[in-house]
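Enquirer: Fold the following.
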Amino acid sequence: MVERNEADPLSRVLKAASDPTRRDILTFLAQEGAQRVTTIAGRFDISLNAVSKHIKVLEQAGLVSRRTQWREHLIEVRMDPLSKVDAWFDGLRSIWAMRLEALDHVLQQEAAQDDDRD
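Expert: Below you'll find the predicted structure:
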């Protein structure tokens, strides 16, 4: 059985980014910079309350932060938690690179054996 640790930062980031609306919010903030919640909500066909809940999930994962400027609350994207995802993918890429090298070695051996038979 696989244990899941929701406190793990990578798990929180992946879970938060698993929702298409949250990914759209992140993309919008990355493109446009810090925005008010109402501005973000105006881009979606869902309630302000639903957008606020999505933002809370993103905040808990560390993907966005909230700052106050006078009476406005601005939401801005934080890219640093994505480095955990990138590091995880780098590990997967290295595993696949090793497997591909092993496959290449096997194919070269088979080709050499075929050449010896001819």
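Enquirer: Verify the stated contact: residue 78 with residue 66.
Expert: No - between residue 78 and residue 66 there is no contact under C-beta atoms under 8 Å: 10.6 Å. Yep, even glycine has a C-beta here, placed from its N, CA and C like the rest.
Enquirer: Now do residue 42: how many residues are near it, please.
Expert: Using other C-beta atoms under 10 Å, residue 42 has 11 neighbouring residues.
Enquirer: what about it, distance to residue 10?
Expert: Distance of residue 42 to residue 10, computed by C-beta to C-beta, to the nearest Å: 32 Å.
Enquirer: mind checking how far the lowest-mean-pLDDT helix or strand in the chain is from the chain centre?
Expert: Sorting the helices and strands of the chain by mean pLDDT, DSSP states H and E puts helix 82-117 at the bottom, at a mean of 76. Distance of helix 82-117 from the chain centroid (C-alpha atoms, centre = their mean, to the nearest Å) equals 25 Å.
Enquirer: So which elements touch it?
Expert: In terms of contacts (3 or more C-beta pairs under 8 Å, 6 or more residues apart in numbering; DSSP states H and E), helix 82-117 is packed against helix 9-17.
Enquirer: Mind listing what's buried along the helix it packs on?
Expert: Neighbour counts over helix 9-17 (16 or more other C-beta atoms under 10 Å) mark 12-13, 15-17 as buried.
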